[in-house]
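Asker: Fold the following.
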Amino acid sequence: MNQIYLDHAATTPMATEVIDAMVPVYSEVFGNPSSVHAFGRKARHVLDQARRVFAKSIHADEKEIVLTSGGTEADNLALIGTALANKQKGNHIITTVQEHHAVLHAAEHLEGNGFEVTYLPVYEDGKIAVQDLRNALTDKTIVVSIMTVNNETGIIQPIHEVGELLNDHQAYFHTDAVQAYSLLTIDVKKDYIDLLTVSSHKVNGPKGIGFLYINKSVQVNPLQFGGEQERKQRPGTENVVSVVGFQHAVQLLIEQKEKRRETYTSYKKLFLETLEQAGVNFEINGEQSDAVPSIINISFPGTNVESLLTNFDLSGIAASSGSACTAGSVEPSHVLSKMYGANNDRTTNSIRFSFGLHNKKEDSIEAAERIASIVKRLISLQ
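Answerer: From the prediction side, this is the model:
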């Protein structure tokens, strides 16, 4: 049976070119980048090259790139580190109800430490309203964190408008761009973004590495203590091998970004057309005119998440009910609950399918055919 992976929003397989680039680094670039001898300088050179690639990809300066262990650490550093460093200006944080838990739980931590947090609502189209942000801003607001693309629905948020609004305010603007980075054009200067999170394993790079863009004007307190790496903002010997893999993954996505958008758009179209032709009753969550082509979140009325995922897995299809970080939980999606209401059936009968480099055109059709058969069977058993 052909195994079909439709969970690229959770994690992506490493590209062959990425693996090939990493292998020689294990034996050839083993020096500590902080060491002054030749071995250390060689490792430092490799890090500097990668940092320039990361910076160029978002139109930043290489000195504004801080390497982290991934998106979660970057989100925590952005939210908590910036809040702590700027608490003399105020104690108010604004984020949204649909953020990744790396941001939501960081916000909750700040609430427990004397900060006030406002959670902006999300509407049935899957987006926040800039007017809600405008109404929530105060002279004590110091950090606003709004993701670029929601990881469960794939809906693109009005990031440029948010940046423009905050450009004349003291609050620093952070965006989690983990799901956006491989498909959307990102310019931190044009969009007035102060802090931006990226994770390697979402773009066909290795796990355990990511970066946080921090504008030179932003003061951020470190959350860990030890050495003075990453300009004293993130101590610890850098993961040179993974940085090299991450760099090559980024170079690939820069070269292929337009092609990937076109490919995933065609995959999504074929997938939905096949479901429709099979006569399956389904509803798409979120306004698709504002969605990335790689993610589609679908409600199958008359079913439930547990039985769907179990049967999909048995039929060789990998999908998820939302964020991979809560994939082991049977709780309703917090994103869909905020979009449609906690008691809406969509919160317990919706599945996220996400396309990537691991897929072929035929996968979209075959997966949809298997899914249609499963959904019909499950409904007939009721």
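Asker: Going along the chain, name the strands of this structure.
Answerer: Remark: strands assigned in the chain by DSSP state E are 4-5, 65-68, 92-96, 116-120, 141-145, 172-176, 195-199, 210-214, 283-284, 295-299, 317-318, 350-354.
Asker: mean confidence for the second one?
Answerer: So that's strand 65-68. Computed over strand 65-68, the mean pLDDT rounds to 98.
Asker: who touches it?
Answerer: 47, 51, 54-55, 74, 77, 209-214, 230-231, 233-234, 238-239, 243 (CB atoms under 8 Å, 6 or more residues apart in numbering). C-betas here are computed from N, CA, C, even on glycine.
Asker: Stretch 353-369 now?
Answerer: 2, 4-10, 12-13, 15, 154, 204, 260, 263-264, 266-268, 270-272, 274-275, 278, 293-298, 317, 319.
Asker: Among the residues you listed, which ones are in helices?
Answerer: In helices, defined here by DSSP state H, the members of the contacts of stretch 353-369 are Arg260, Thr263, Tyr264, Ser266, Tyr267, Lys268, Leu270, Phe271, Leu272, Thr274, Leu275.
Asker: What segments of the chain are helices?
Answerer: Here the chain has its helices, by DSSP H, at 16-28, 38-57, 71-76, 82-85, 101-111, 130-136, 159-166, 240-277, 305-314, 334-340, 346-349, 361-380.
Asker: Among the ones you listed, show me which one is buried the most.
Answerer: Among these, helix 71-76 has the highest mean neighbour count (mean count of other CB atoms under 10 Å), at a mean of 25.
Asker: Can you spell out which helices and strands pack onto that one?
Answerer: helix 101-111, strand 172-176, strand 195-199, strand 210-214 (3 or more CB pairs under 8 Å, 6 or more residues apart in numbering; DSSP states H and E).
Asker: export these to a markdown table and tack on distance to Val117?
Answerer: Formatted as a markdown table, the helices and strands packed on helix 71-76 follow (distance: least, CB to CB, whole Å):
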| stretch | distance to Val117 |
| --- | --- |
| helix 101-111 | 5 |
| strand 172-176 | 13 |
| strand 195-199 | 17 |
| strand 210-214 | 20 |
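Asker: Any chance of those in CSV with distance to His92 and mean pLDDT as columns?
Answerer: Converted to CSV, the helices and strands packed on helix 71-76 look like this (distance: least, CB to CB, whole Å; pLDDT from 0 to 100):
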stretch, distance to His92, mean pLDDT
helix 101-111, 10, 98
strand 172-176, 12, 98
strand 195-199, 17, 98
strand 210-214, 20, 98
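Asker: Let me know which of those is the nearest to Gln382.
Answerer: Closest approach to Gln382 among the helices and strands packed on helix 71-76 is made by helix 101-111 (32.6 Å; CB to CB).
Asker: Show me what the closest one is packed against.
Answerer: Checking 3+ CB pairs under 8 Å, 6+ apart, helix 101-111 ends up next to helix 71-76, strand 92-96, strand 116-120.
Asker: Go through these and name the closest to Leu336.
Answerer: strand 92-96 (14.0 Å).
Asker: Now do the spatially closest residue to Gln219 that is not a sequence neighbour against Ser380, distance only.
Answerer: In this structure, Gln219 finds its nearest non-sequential neighbour in Ala85, 4.3 Å apart by CB to CB, 6 or more residues apart in numbering. Computed as CB to CB, to the nearest Å, the Ala85 to Ser380 distance reads 58 Å.
Asker: Equivalent analysis for Ala78, please.
Answerer: Counting by CB to CB - Ala78 and Ser380 are separated by 48 Å.
Asker: Verify the stated contact: Met22 with Val243.
Answerer: No: taking CB atoms under 8 Å as the definition, Met22 is not a contact partner of Val243, at 9.5 Å.
Asker: what stretches of the chain score poorly on pLDDT?
Answerer: Within the chain, the segments meeting pLDDT under 70 span 322-330.
Asker: Outline the domain layout of it.
Answerer: Domain assignment for the chain by automatic domain parsing gives 4-12+257-380, 16-251.
Asker: OK, contacts around Met339?
Answerer: Gln98, Val122, Tyr123, Glu124, Gly126, Thr153, Asn285, Gly286, Arg346.
Asker: which of those are buried?
Answerer: Those of the contacts of Met339 that meet the buried threshold are Gln98, Val122, Gly126, Thr153, Asn285, Gly286, Arg346, by 16 or more other CB atoms under 10 Å.
Asker: so the fifth one sits right up against Ser337, yeah?
Answerer: Put plainly, it is Asn285. No: the criterion here is CB under 8 Å, and Asn285 misses it with Ser337 at 11.5 Å.
Asker: Who are the contact partners of the closest residue to Gly205 other than its chain neighbours?
Answerer: Distances taken as CB to CB, 6+ apart put Ala249 closest to Gly205, at 3.3 Å, once the chain neighbours are dropped. With contacts defined as CB under 8 Å, 6+ apart, Ala249 is in contact with Met14, Ala15, Val18, Ser200, Val203, Asn204, Gly205.
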